[in-house]
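K.L.:
Take a look and give me a structure for this.
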Amino acid sequence: MTDNRGPDQQRPQPGEAPKLPPDPQESASVSAGVDHSELLDDVLDIAEAGVAAPEMPAPPVQKRSAPVEPESEEVPDAPPMPQVDVVDLLPSLAIAGLLVYLFRANLGWLFQTWRLDEYYTHGFLIPLISGYIIYRQAGSLAALPKTGHVWSIVVLVPTICLHFAATYLDVNFAISFALIGWLIGLTWLLWGWPVLTRLLFPLAFLGFMVPLGKLLIDQVSQPMQVLGAKMAGISAQMLGMPLRIEGVSLETPGYTFEVAEACSGLKSAIAMLALGALLAYLVKAPTWKRLVIFASSLPVAILANAIRIWLTVMLGTALGHEAAEGFFHTASGMIVFVLAFLGLFGVTVLLKCRRLRDDI
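P.N.:
Numbers count the residues shown, from 1 in each chain. Alright, predicted model coming up:
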């Protein structure tokens, strides 16, 4: 019997799965030329992208900052040195050279006196101290106005008169003071009043380098001898020591001590005046406290010398004149200076002047 069905409708062979009729839509899509495999791949890609776990953001990296060092206290720098042209220094150098030439004989006398006179062995230090103070002030001088030059005649005219009179009379210490007057007057003339006010102390401080005449030394040392003997003698009497005061002599039953010119305390007083002036200038304090410090330098020196005389009398009475007038008498000069310095330092402490100026 003949099977008249078409190829799509033929009966499957035994052991073969039956074929379903083709889907008309699929046939239409195939006939339209659409590739369903590509569409399926796109759908699967979109599904995988949606199902995939979202990427976790990386944890932020914590940057460790460097340890901050504590800021150190700023120390003010020293005032800078001014930039000065060499040409601008030529007039000053020329005037300085002229002064050295005019005062060459007096400068030689100064050096000779400092070397030989026991009252002024400190004279070498005074110009060095003044020069150092001027050097420290130089950084702030360039900004000061240069005014008031004409009024320098107030200093220059008397200085010229003193110079000629002292040269005519051959008074060396007066010529030295005239040299200081020249320095002050010319500073005023060349750089003006504001600069002079800053440099007035170091220039005036040079006055402590000038040795006084022998006549003045004798007139001052004699009253200081008597005063030192009285102060030491009264102190010994207050302690019950049998002692009699005769002018510059202190007499005990076993010992007699005479206050000589070298023991008058004038040498330490001159040095302490210079030290007191320098200390008063350097401390940071009101003007009246500075004046008190300077004024106290002389009585402190006199008191220290009276203590020296008192110790000498006590030692001579107890151990004999050999002990009092030997090594102790030689070393007591340094003891006086140390005691005077401690006394002057005590005055500054009592006045609460414990800080020095920061502009020097």
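K.L.:
residue boundaries of the strands in the stretch 101-250 of the chain?
P.N.:
244-246, 249-251 (DSSP state E, counting those that start in this stretch).
K.L.:
Spell out which strands sit alongside the last one in the sheet and which way each one runs.
P.N.:
Strand 249-251 has its sheet partners listed here by DSSP bridges as strand 244-246 (antiparallel), strand 256-258 (antiparallel).
K.L.:
Show me what counts as buried in the first one.
P.N.:
For strand 244-246, burial by neighbour count (16 or more other Cβ atoms under 10 Å) applies to I245. C-beta coordinates here come from the backbone N, C-alpha and C atoms, glycine included.
K.L.:
likewise the last one?
P.N.:
Taking 16+ other Cβ under 10 Å as the basis for neighbour counts, the residues of strand 256-258 that come out buried are F257.
K.L.:
Other residues contacting whichever helix or strand comes after it?
P.N.:
Note on strand 256-258: by DSSP states H and E, the next helix or strand toward the C-terminus is helix 266-282. With Cβ atoms under 8 Å, 6 or more residues apart in numbering as the test, helix 266-282 has contacts from 118-120, 122, 126, 129, 201, 205, 208, 217, 220-221, 224, 290-291, 293-298, 300-302, 304-305, 333, 336-337, 340-341, 344, 348, 356-357, 360.
K.L.:
Is it possible to get CSV of the strands of the stretch 101-250 of the chain that adds mean pLDDT?
P.N.:
Output for the strands of the stretch 101-250 of the chain, formatted as CSV (pLDDT from 0 to 100):
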stretch, mean pLDDT
strand 244-246, 86
strand 249-251, 84
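K.L.:
what's the closest of those strands to Y168?
P.N.:
Comparison of the strands of the stretch 101-250 of the chain against Y168 by Cβ to Cβ identifies strand 249-251 as nearest, at 42.9 Å.
K.L.:
For the strands of the stretch 101-250 of the chain, give me CSV that also has distance to S235.
P.N.:
CSV is the format used below for the strands of the stretch 101-250 of the chain (distance: least, Cβ to Cβ, whole Å):
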stretch, distance to S235
strand 244-246, 11
strand 249-251, 11
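K.L.:
lowest-confidence helix or strand of this structure?
P.N.:
The least trusted helix or strand in the chain, going by mean pLDDT, DSSP states H and E, turns out to be helix 24-32, with a mean of 45.
K.L.:
Where does pLDDT dip in the chain?
P.N.:
1-89, 91-92, 320-324, 326-329 (pLDDT under 70).
K.L.:
So which of the strands of the stretch 101-250 of the chain is nearest G108?
P.N.:
strand 249-251 (40.4 Å).
K.L.:
Identify all contacting residues around that closest one.
P.N.:
229, 232-233, 236, 243-245, 256-259, 309, 313.
K.L.:
Excluding residues flanking it in the chain, which one is nearest F177?
P.N.:
Closest residue in space to F177, ignoring its immediate chain neighbours: V210 at 6.0 Å, by Cβ to Cβ, 6 or more residues apart in numbering.
K.L.:
Surely the one you found touches A178?
P.N.:
No - contact between V210 and A178 fails when scored by Cβ atoms under 8 Å: they sit 10.2 Å apart.
K.L.:
Mind splitting this structure into its structural domains?
P.N.:
86-209, 214-350 (automatic domain parsing).
K.L.:
Need the winner for burial among the ones you listed.
P.N.:
Ranked by mean neighbour count, these are led by domain 214-350 with a mean of 17 (mean count of other Cβ atoms under 10 Å).
K.L.:
Regarding it, how distant is the last residue from the first?
P.N.:
Distance between the two ends of domain 214-350: 37 Å, counting by Cα to Cα, to the nearest Å.
K.L.:
got the residue ranges for the helices in the protein?
P.N.:
24-32, 36-51, 86-102, 104-116, 125-141, 153-169, 172-191, 193-204, 214-238, 266-282, 287-319, 321-324, 327-350 (DSSP state H).
K.L.:
is it true that H149 touches T187?
P.N.:
No - the criterion here is Cβ under 8 Å, and H149 misses it with T187 at 10.5 Å.
K.L.:
Of all the strands paired with strand 249-251, which one is nearest S140?
P.N.:
S140 lies closest, by Cβ to Cβ, to one member of the strands paired with strand 249-251: strand 256-258, at 53.4 Å.
K.L.:
chain center to that closest one: distance?
P.N.:
47 Å (Cα atoms, centre = their mean, to the nearest Å).
K.L.:
if we look at that strand, which residues are touching it?
P.N.:
248-250, 309, 312-313, 316, 324.
K.L.:
Stretch 120-130 too?
P.N.:
With contacts defined as Cβ under 8 Å, 6+ apart, stretch 120-130 is touched by 110, 113-114, 202-203, 205-206, 208-209, 211, 270-271, 274, 278.
K.L.:
Now do the residue nearest to D117 when sequence neighbours are not counted: how many residues are near it, please.
P.N.:
In this structure, D117 finds its nearest non-sequential neighbour in P211, 5.8 Å apart by Cβ to Cβ, 6+ apart. Per other Cβ atoms under 10 Å, the neighbour tally for P211 reads 21.
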